[in-house]
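> got a predicted model here, sequence first, then my questions.
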Amino acid sequence: MSSLTILVAIAIPIAVSVFLFFISCCFLRRRASKKFNTLPEENGEVEIPDVESLQFDLDKIEAATNKFSDDNKIGEGGFGAVYKGTFPNGEQ
């Protein structure tokens, strides 16, 4: 084999590998940007204005769930039982 044939046999696979690596990086970057740039309205999510709106006293939660009654249990989650509760103002 001539030195030109050997050079071509080495250069073409390297060039193809670099090209495929570049295409893969572009694809993954585009996929990641689509994943994190979604708006809450598009997904049907409700935006929570602040952390304080998520905090309730244990007494209020016990009253809303009828002291964690089995009648109000709606399932099991990764962190334990999930209960449905209704506050005195009608909010669930």
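All right, it came through fine.

> which residues of this protein fall in strands?
For the chain, strands defined by DSSP state E occupy the ranges 73-77, 80-83.

> and the ones you listed, which is most packed in?
strand 80-83 (a mean of 12; mean count of other CB atoms under 10 Å). The way it works is simple: take the backbone N, C-alpha and C, and place the C-beta from them, glycine included.

> that one pairs with which strands, and in what direction?
Applying DSSP bridges, strand 80-83 is found paired with strand 73-77 (antiparallel).

> from the recorded domain assignment, give the ranges for the chain.
The chain breaks down by automatic domain parsing into domains covering 1-46, 48-92.

> rounded mean pLDDT for the first one, please.
Put plainly, it is domain 1-46. Domain 1-46 shows an average pLDDT of 80 in the prediction.

> thinking again about what came up before, ok, which of the strands of the chain comes nearest Leu4?
strand 73-77 (66.6 Å; CB to CB).

> run a quick neighbour tally on the closest residue to Phe87 other than its chain neighbours.
Of all residues not flanking Phe87 in the chain, Ala64 sits nearest, at 5.1 Å (CB to CB, 6 or more residues apart in numbering). By other CB atoms under 10 Å, 19 other residues sit near Ala64.
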